[in-house]
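Undergrad: okay, sequence plus prediction incoming.
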Amino acid sequence: MNQEKNIKSPQEIVDFMMGRDEFSKWLGLEIEEVRSGYCRLHYKVRKEMLNGFASIHGGVLFSAADSSFAFACNSHGRIAVALDVSVSFTRPASEGDILFVEAKEIHLGHKTALYDIRTTNKAGELVSLFKGTAYRTSKEVS
C-alpha cells in the first residue's frame, strides 16, 4: 500500500476492526501486540462463558482464537476472510482464569495465508490449538 491508498499500520487496522467488532468487545478481548501477520491478546473467563460442567465453553475458545486470527490475517491491509479452520481443545479453563491467544502467520501467499493460533493459560499450558487458512481478497481495509 502506498500513501495514495491511505496507508495503515497493523495497529491502525486492528483498532479499526475492534471499533466495529461488538462480539470481540463482549468477549472482553484485550489486544497486547499486533504486527504484520501476528496478534497476541488476552481475556478473562467470565461466568457466562462456562458450560454445564463449569468449564469454558468450546465456542468461546473458538471465537477468541477466530478473532485473533482475523486481526493477524487482516494486518497486512488486504481484507482477508476465513476459508478453513479447525480447533482442538486440550485442557479446561475456569471462571477467573486469564487466557492468552497468540496468532502467528505460518505462510503468506498472494491469495491464501495460513495461521497457527494457540490459547494458553497463565502457566503457559496449551488450552486450545486453532489452525486457520485465510482467503486474501484484493480489497483493502479502509
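TA: Received it, and whenever you're ready, just let me know what you need. The model shown is predicted, which means the values in this text are computed figures rather than measured ones. Numbers count the residues shown, from 1 in each chain.
Undergrad: rest of the way, CA atoms for contacts and neighbours
TA: Fine.
Undergrad: flag the shaky bits of the chain, pLDDT-wise.
TA: Applying pLDDT under 70 to the chain picks out residues 1-7.
Undergrad: residues in contact with the most centrally placed residue in the chain?
TA: Taking Cα atoms, centre = their mean, the centroid of the chain lies closest to Ser68, which sits 0.8 Å from it. Ser68 makes contact with Cys39, Arg40, Leu41, Val101, Glu102, Ala103, Ile117, according to Cα atoms under 8 Å, 6 or more residues apart in numbering.
Undergrad: which of these fall within strands?
TA: Using DSSP state E, the subset of the contacts of Ser68 located in strands is Cys39, Arg40, Leu41, Val101, Glu102, Ala103, Ile117.
Undergrad: can you check which helix is longest in this protein?
TA: Ranked by number of residues, the top helix in the chain under DSSP state H is helix 58-74.
Undergrad: give the buried residues for that helix.
TA: 58, 61-62, 64-74 (16 or more other Cα atoms under 10 Å).
Undergrad: could you say which helix or strand holds Val127?
TA: Assigning secondary structure by DSSP states H and E places Val127 in strand 126-140.
Undergrad: again, but for Ser88
TA: strand 78-89.
Undergrad: note down every partner strand of that strand and its orientation.
TA: Neighbouring strands of strand 78-89 in its sheet, by DSSP bridges, are strand 126-140 (antiparallel).
Undergrad: the partner strand vs helix 58-74, what angle?
TA: 40 degrees (axes from the mean of the first three to the mean of the last three Cα atoms, to 10 degrees).
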